[in-house]
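[1] Following is a predicted model, sequence given first.
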Amino acid sequence: MMDGMTPLALAIVLCRFQGATVPPVPDPAKVLAKVNGSAITAADLESYLWDWRSGEVLQDLISLKSVEAVAALEGVSATDAEVTARMDKEMAQFGANASALQRLRDQGFPPSRIRLRIESEVLLEKIILKDFKPEEWVRVSSIAVVPPNQMTLSWGSAIKKTETAYARLKNGVGWDKVSADFGTGAMASQWQQLEALPAGLGPVILAAAKTMPANSILPPRQVAQGVRIFRVEMWGGKVSPADLETLQTQFINQNRDAALAKVRSEAKVDRTP
């Protein structure tokens, strides 16, 4: 445990991190309950609280300090307004349900602890988004014809079938109809990083996204999994604010574990028993 840190000092540290969200430490003599007339005071709780919860509080503070260190290097910060807005959003799901909020407290998650974790999360997300470049993303779907084996005849049949499907699409037959009639595999509409697309496809799809109308259909292309027809639906460089938020959320979710591992690996933590 931290040298010389009493429960009161720990509460002061928490207040520094969380503003007014941590209630003040009660007077040690404050009576919290009476059992058959015998008082239980705040001082009676102190040693138990330190023993039962201090490790959890300390770990959350270590996490926050570790993220703050990386955030400072990356030049990002979280304002009180941003943390409060996220906090309000998280707590709104409980509404005025006092029993639900009490259950959170009983499980070790009072509002002060939730806010501390939210501050860490907001900072981590900002660190992740430093590497986010919307122009490197496209939203695509595809129809695939997958040959049953690697024999030349099988691939030839798959190519011919895909060319027929492409011709139908160019003649105005609906995407879903052609996919149902010809496809043996499909990729539903989703955002993809260009670098995650099959080799050689990234530049082709990016060029189409920049110069062609939305939902443009590209000619069949042979990839490792079969022969695919790609539909280029949207380019990250031209997304609406709502789509941009969706894309950022996907990017954060894809990179959260790696970012958190990096934060932890760079933190020098010395614990005092």
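    Nice, I can see it.

[2] On the three-state scheme, residue 192 is what?
    strand (DSSP: H, G, I helix; E, B strand; the rest coil).

[3] what about it, neighbour count?
    20 (other C-beta atoms under 10 Å). Placement of C-beta: from N, CA and C, glycine included.

[4] what's it in contact with, if anything?
    Neighbouring residues of residue 192 by C-beta atoms under 8 Å, 6 or more residues apart in numbering: 137-140.

[5] who touches whichever strand or helix holds residue 99?
    In the assignment (DSSP states H and E), residue 99 maps to helix 98-106. For helix 98-106, contacts defined as C-beta under 8 Å, 6+ apart pick out 94, 110-111, 114.

[6] In helices, which of the residues you listed appear?
    Counting by DSSP state H, the contacts of helix 98-106 place 111, 114 in helices.

[7] May I see the buried residues of the helix holding residue 99?
    Within helix 98-106, the residues scored as buried using 16 or more other C-beta atoms under 10 Å are 101, 104.

[8] Just the CA coordinates for it, please, in CSV.
    Taking Å, rounded to 0.1, in the frame of the first residue of the first chain, the C-alpha atoms of helix 98-106 are listed here in CSV:
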residue,chain,number,x,y,z
ALA,A,98,-33.0,4.2,-6.1
SER,A,99,-33.0,0.5,-5.5
ALA,A,100,-30.9,0.0,-8.7
LEU,A,101,-28.4,2.6,-7.6
GLN,A,102,-28.2,1.0,-4.2
ARG,A,103,-27.5,-2.3,-5.7
LEU,A,104,-24.6,-0.7,-7.6
ARG,A,105,-23.2,0.6,-4.3
ASP,A,106,-23.6,-2.8,-2.6
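
[9] longest helix of the protein?
    helix 42-74.

[10] how far does that one sit from the chain's center?
    23 Å (C-alpha atoms, centre = their mean, to the nearest Å).

[11] re the thing from before, would you mind writing the PyMOL command to select the buried ones in the contacts of helix 98-106?
    Per 16+ other C-beta under 10 Å, the buried members of those correspond to this PyMOL selection:
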select buried, resi 110+111+114
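
[12] Tell me which two in the contacts of helix 98-106 are the farthest apart.
    Using C-beta to C-beta, the contacts of helix 98-106 span at most 12.4 Å, a distance reached by 94 and 110.

[13] quick one, helices of the stretch 151-273 of the chain?
    With DSSP state H, counting those that start in this stretch, the ranges of helices along the stretch 151-273 of the chain come out as 152-170, 175-182, 201-211, 241-266.

[14] out of those, nearest to residue 145?
    So among the helices of the stretch 151-273 of the chain, helix 152-170 is nearest, using C-beta to C-beta, at 4.4 Å.

[15] Perfect, that will be all.
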